[in-house]
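Visitor: Got a predicted model here, sequence first, then my questions.
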Amino acid sequence: MHCSANADYCSLRARLFRWLFACSLALLTFEYALSAPIFGEVGFRVRNADVRLERDVYLLDAKIVFAFSNEAIEAMENGVTLTVLVDVEVFRQRPLWDKKIFNRQLQFHVGVHALSKRYVIKNPDSGETDTYRSVEEMAAALGLIQGIPLFAASDLEVAKEYVARVRARLDIEGLPSPLRPLAYVSQAWRLASDWYELPLVR
Amino acid sequence: MKKITTGIGPILGLVVLLLVSLKLMSDATENSTRFGELYSVLLLINALGLVTLGGLVGWNLFRLIGQVRARRAGAGLTVRMVAMFVILSVTPVLVVYYFSLQFLHSGIDSWFDVRIERALDDALELSRTALESRMRELLKQTQLVATDLSMVVPDKLPGALEDARRLSGAAELSIIGPNGRIIASSNIDPTAIVPASPDDSIIVQLRQSGNYIGLDPIGDTGLHVRVVVTLPEDVPSQETRILQALFPVTERMSSLADSVQSAYAKYRELAYLRNPLKVSFTLTLSLVLLLSLLAAVWAAFYSARRMVAPLRDLVQGTRAVAEGDYETQLPRSGKNEVGFLVESFNQMTRRLRNARDETRRSQVQLEEQRAYLEAVLSRLSTGVITLDLDRRFVTVNHAAQQILGVNLQSHLGYELESVAESHIHLRPFTESVALHLQDAASDDNLAEWREQLILFGASGRQVLMCSGAPLPVVDGRNHGNVLVFDDITTLMEAQRSAAWSEVARRLAHEIKNPLTPIQLSAERLRHKYLRKLTGKDADGLDRLTRTIVQQVEAMKEMVNTFSDYARMPRMVPERCDVNELISDVIELYRGDKAAQHVELHLSELPQVHADPGRLRQILHNLIKNAIEANEGVASPSVAIETRCVRETARSYIEIRVRDSGPGFQKDVLQRVFEPYVTTKPKGNGLGLAIVKRIVEEHGGVVSAENHEDGGASVVIQLPIATRIADIGDTPASRREAV
């Protein structure tokens, strides 16, 4: 369609594009406002992490701060089991881009046992269950990761540089379906730490 | 792209996909294990699908607005149809949506009952109470065991611990030292190596209250009662040791407690998820509503487009036909009424195209004939003019313009009279033609006419033989008239000259020849018999023979004069000053008494191209006539006036010779320039005829008029040769060319 055609048509199109641009700008601003740290101390943070070599196996030690939001604690106290994931990735450094050579995800289910009124951490891989009286104790225990075997030393090449990174996050997909749409758009549910990177040299 | 945005296939596919996705999402919301994991993906797919569908609808809307603004054919109809479709489809869907939402919310709310909630709370509390009484017993039992164990020496502690565990029925007994160090442990499961250590909060409570008792779900082994007490020490300085005992809850009680716990937890979760569940269902329902709405709107657009398309094609086709494009053929659109209309339109354009082609062929033939006719007409020496019924010029040929001396092409489309406004000398022509056309309009017998007209234009006097006839009547319509005219000036003069020459020759032959023998006979009679007779006889003979001889002489003179008139010598034109010629001629009359009253009123004149000798002859004749006319008049006067007249299309000089005599007789005035017309007793009647002939030879006109206050005038008008080239184009020269 030609603008020759028609000046009114071109003007309408220009106005439509201006309107779309304004809406996009408003959405971006709204998204920025949502992602702003308006919840104070709420959130996950990897305080420190270390990968040590012990008996030819690299083990992960990490201290992670799990500060659950009120919504998440309320959900737990109402019988909802939350899934907390700790992602560990190892990259071999290269000139252009790094190559991922290892990827592991630790999974923990946390909830409340109503009868005993205790907070429960369950490792679905090992079946191990620990209970705690308060959410703080549970979070502290959850954040203390020690000696988690990652990979054999032979998986790393000698004299190469590697980078390991760790992060912790709440698995929204592990929530009951009705909660997910809300969790995706609510900052209170978007609990995830930044990647904590540490060099790794064999 | 157009196929995707306007085709029905991709859209139907999208709608079906969205419907399936919505169904799966709905299932997932109800915690269906199959699709629960896909819930978010399905939600995303639905959202993207709806955005796509919304984008398509928006694009259609945008295009429609553009079409409305551009006033495209069918846009208004599309708007009305879309609005109607949308209203018809959206209203019931909205009603259903509203009531579904109400029903859904009340349905979800109906799952929850305060009594059930209280019953579950009570059941949980009952379980706790039942367990607490057991727990208190176990606390006492553990305290007793702790007292016993406090007295056991460290070396025998594992054995004593094993015995105590067995006796107390505990699943595990552990003695833990400061800093959480396990001093001794006994477990019912011999494979269990590491005892379940108490956490820091238990230690804190232990320090505060001296013991701890609680219900712990331990791993996969089920619910346990954890009892932690401090070992009483005899020696205060000895390190504080604690005893932890884990008692399994009885299988029956554990089963019941688990049942209550899981039912309570499930109910609490469900109650907690009540609002999110409502939101999810509302979201799903809203997505369904949006899908329905967008699908309905899109269907409205699609249907309107399908229905309007052939009509728009028809409108555009009609416009194209109106603009002369007969090649338009619209695509067929089914066998419905619109299809029939389209087929009829196509048939119409085909016929129009054939008719146009036929017309073009006819037009080409007509143009060829017209060109042929124009070629013929342009080669004709006869002037041809066609006029329409309003006497406007339709066609003129080259000869017509040449004869009339006017560029008639610039008057095409204008009325006949418009030519006379700018070219006065054509007024006799236009007036005569107009008169004839007027007569022809009133009387069919006068439709064809013929008339000889005399014009005095830039090139002098012109005699036109003009004829007119109506154009052929076509389809009962009269198309106007055709005028055909010829410049017959030369022909007329040649004919007249030839006629007069013949008359002169005959006169010489038939009259002059017998005159000589008559004269000779009369003289011989006189000579022979005059001497013989005497007296009266001799006088009589003398008188009679003298009379005969005199009359014969007179007749001879008359015949010679006529011969001179008929056989005038060849003109020798040159540039000459008329005023000078008049002065010369008047000079000759200077001594004449009768010429004493001649007055000259000479204006400044341009030179004319004329034969000075002939002009002198004219002037002689006219002055002589005027002097003779004044004979017997009390106060005679002769006035000679000259002036130059310049008009748009012609310029001429006028010589007026006026006397104060009795004037021309009325019956003679019209014929005064014809030969042998005279009022004078001695005149031969050729003077003014010669004047007229000479004037006409010079391309001029001569006229005579009587004055009311007495006297008469003879007026001569001679064209002025403005250019040297024009001089050679005088009637005389044209005549020579002929």
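Guide: That came in fine, so what should we check first? If you're wondering where the values come from, they're calculated on a predicted model, not measured in any experiment.

Visitor: what's A:Gln146 sitting at in phi/psi?
Guide: A:Gln146 adopts backbone torsions of phi -140, psi 130, taken as degrees, to the nearest 10.

Visitor: Next: B:Glu415.
Guide: Dihedral angles (degrees, to the nearest 10) for B:Glu415: phi -70, psi 160.

Visitor: Identify the bridge partners of it.
Guide: B:Arg392 (DSSP bridges).

Visitor: could you check the distance from it over to B:Gly159?
Guide: Noted for B:Glu415: a distance of 149 Å to B:Gly159, by CB to CB, to the nearest Å. Just so you know, the C-beta spots here come from the backbone N, C-alpha and C atoms, and that holds for glycine as well.

Visitor: Which of those two has more residues huddled nearby?
Guide: Comparing B:Glu415 with B:Gly159 by other CB atoms under 10 Å in any protein chain shown, the one with more neighbours is B:Glu415, at 17 against 12.

Visitor: That one contacts B:Arg391, doesn't it?
Guide: Yes: using CB atoms under 8 Å, B:Glu415 is in contact with B:Arg391, at 5.4 Å.

Visitor: The top strand by length along chain A: which residues count as buried?
Guide: Taking DSSP state E as the criterion, chain A has its longest strand at strand A:99-113. By neighbour count with 16 or more other CB atoms under 10 Å in any protein chain shown, strand A:99-113 contains the buried residues A:Phe102, A:Leu106, A:Phe108, A:His109, A:Val110, A:Gly111, A:Val112, A:His113.

Visitor: so for that strand, what's the average pLDDT?
Guide: Mean pLDDT, strand A:99-113: 90.

Visitor: got it, and stretch B:403-420?
Guide: Stretch B:403-420 comes out at a mean pLDDT of 86.

Visitor: now swap in stretch B:314-323 and tell me
Guide: Rounded mean pLDDT across stretch B:314-323 is 84.

Visitor: Report the buried residues of it.
Guide: B:Leu314, B:Gly317, B:Thr318, B:Val321.

Visitor: What helix or strand is the last one located in?
Guide: In other words, B:Val321. Under the criterion of DSSP states H and E, B:Val321 resides in helix B:274-322.

Visitor: quick one: average pLDDT of whichever helix or strand comes after that helix?
Guide: Note on helix B:274-322: by DSSP H and E, the next helix or strand toward the C-terminus is helix B:337-379. Mean pLDDT, helix B:337-379: 87.

Visitor: Give the other helices and strands that helix B:337-379 contacts.
Guide: Helices and strands touching helix B:337-379, by 3 or more CB pairs under 8 Å, 6 or more residues apart in numbering or on different chains; DSSP states H and E, are helix B:274-322, helix B:398-404.

Visitor: and the angle from that helix to helix B:274-322?
Guide: 30 degrees (axes from the mean of the first three to the mean of the last three CA atoms, to 10 degrees).

Visitor: How far away from the center of its chain is helix B:337-379?
Guide: Centroid displacement of helix B:337-379 relative to its chain, using CA atoms, centre = their mean, to the nearest Å, is 23 Å.

Visitor: again, but for stretch A:85-100
Guide: Going by CA atoms, centre = their mean, where stretch A:85-100 is centred and where its chain is centred differ by 17 Å.

Visitor: next one: stretch B:663-681
Guide: 71 Å.

Visitor: Render the CA-only coordinates of stretch B:274-293 in PDB, please.
Guide: What follows is stretch B:274-293, C-alpha atoms only, in PDB (Å, rounded to 0.1, in the frame of the first residue of the first chain):
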ATOM      1  CA  ARG B 274      -7.800 -22.000  46.600                       C
ATOM      2  CA  ASN B 275      -7.200 -18.400  45.300                       C
ATOM      3  CA  PRO B 276      -4.400 -19.400  43.000                       C
ATOM      4  CA  LEU B 277      -6.700 -22.100  41.700                       C
ATOM      5  CA  LYS B 278      -9.400 -19.600  41.100                       C
ATOM      6  CA  VAL B 279      -6.900 -17.400  39.300                       C
ATOM      7  CA  SER B 280      -5.700 -20.300  37.200                       C
ATOM      8  CA  PHE B 281      -9.200 -21.300  36.300                       C
ATOM      9  CA  THR B 282     -10.100 -17.700  35.600                       C
ATOM     10  CA  LEU B 283      -7.000 -17.400  33.500                       C
ATOM     11  CA  THR B 284      -7.900 -20.600  31.600                       C
ATOM     12  CA  LEU B 285     -11.500 -19.400  31.200                       C
ATOM     13  CA  SER B 286     -10.300 -16.000  30.200                       C
ATOM     14  CA  LEU B 287      -7.900 -17.500  27.600                       C
ATOM     15  CA  VAL B 288     -10.900 -19.500  26.300                       C
ATOM     16  CA  LEU B 289     -12.900 -16.400  26.200                       C
ATOM     17  CA  LEU B 290     -10.200 -14.500  24.500                       C
ATOM     18  CA  LEU B 291      -9.700 -17.300  22.000                       C
ATOM     19  CA  SER B 292     -13.400 -17.300  21.300                       C
ATOM     20  CA  LEU B 293     -13.500 -13.600  21.000                       C
END
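
Visitor: For that stretch, give the mean pLDDT please.
Guide: Mean predicted lDDT for stretch B:274-293 stands at 81.

Visitor: Give me the domain ranges for chain A.
Guide: A:3-37, A:42-199 (automatic domain parsing).

Visitor: need those domains in TSV with distance to chain B, can you?
Guide: Shown next, in TSV, are these (distance: least, CB to the nearest CB, whole Å):
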stretch	distance to chain B
domain A:3-37	4
domain A:42-199	3
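
Visitor: Of those, give the one that comes closest to B:His224.
Guide: Closest of those to B:His224 is domain A:42-199, at 9.6 Å (criterion: CB to CB).

Visitor: all helices for chain A, in order.
Guide: A:7-35, A:70-77, A:135-142, A:180-185 (DSSP state H).

Visitor: How about residues contacting the second one?
Guide: In this case it means helix A:70-77. Helix A:70-77 has contacts (CB atoms under 8 Å, 6 or more residues apart in numbering or on different chains) with A:42, A:68, A:82, A:110-112, A:119, A:135, A:170, A:175, A:179, A:186, A:188-189, A:191, B:272.

Visitor: Could you pull up the residues touching the residue nearest the centre of chain A?
Guide: In chain A, the centroid-proximal residue (CA atoms, centre = their mean) is A:Arg169; its distance is 2.6 Å. Contact partners of A:Arg169, counting by CB under 8 Å, 6+ apart, are A:Phe44, A:Val84, A:Leu85, A:Asp87, A:Leu191, A:Ala192, A:Ser193.

Visitor: Out of those residues, list just those in strands.
Guide: A:Phe44, A:Val84, A:Leu85, A:Asp87.

Visitor: which one of the residues you listed has the most neighbours?
Guide: Busiest of the ones in strands among the contacts of A:Arg169 [other CB under 10 Å] is A:Val84, holding 24 neighbours.

Visitor: Quick check: residues of the stretch 151-300 of chain B near chain A?
Guide: Contact residues (CB under 8 Å from any CB of the partner chain) of the stretch 151-300 of chain B with chain A: B:199-202, B:214-220, B:223, B:257, B:260-261, B:264-269, B:271-273, B:276-277, B:279-280, B:283.

Visitor: What are the buried residues along stretch A:71-86?
Guide: A:71-73, A:75-86.

Visitor: ah, wrong one, I meant stretch B:209-216
Guide: Buried-residue list, stretch B:209-216, by 16+ other CB under 10 Å: B:Asn211, B:Tyr212, B:Ile213, B:Gly214, B:Leu215, B:Asp216.

Visitor: Could you list the low-pLDDT ranges of chain A?
Guide: Counting by pLDDT under 70, the ranges of chain A that qualify are A:1-17, A:20-21, A:23-40, A:202.
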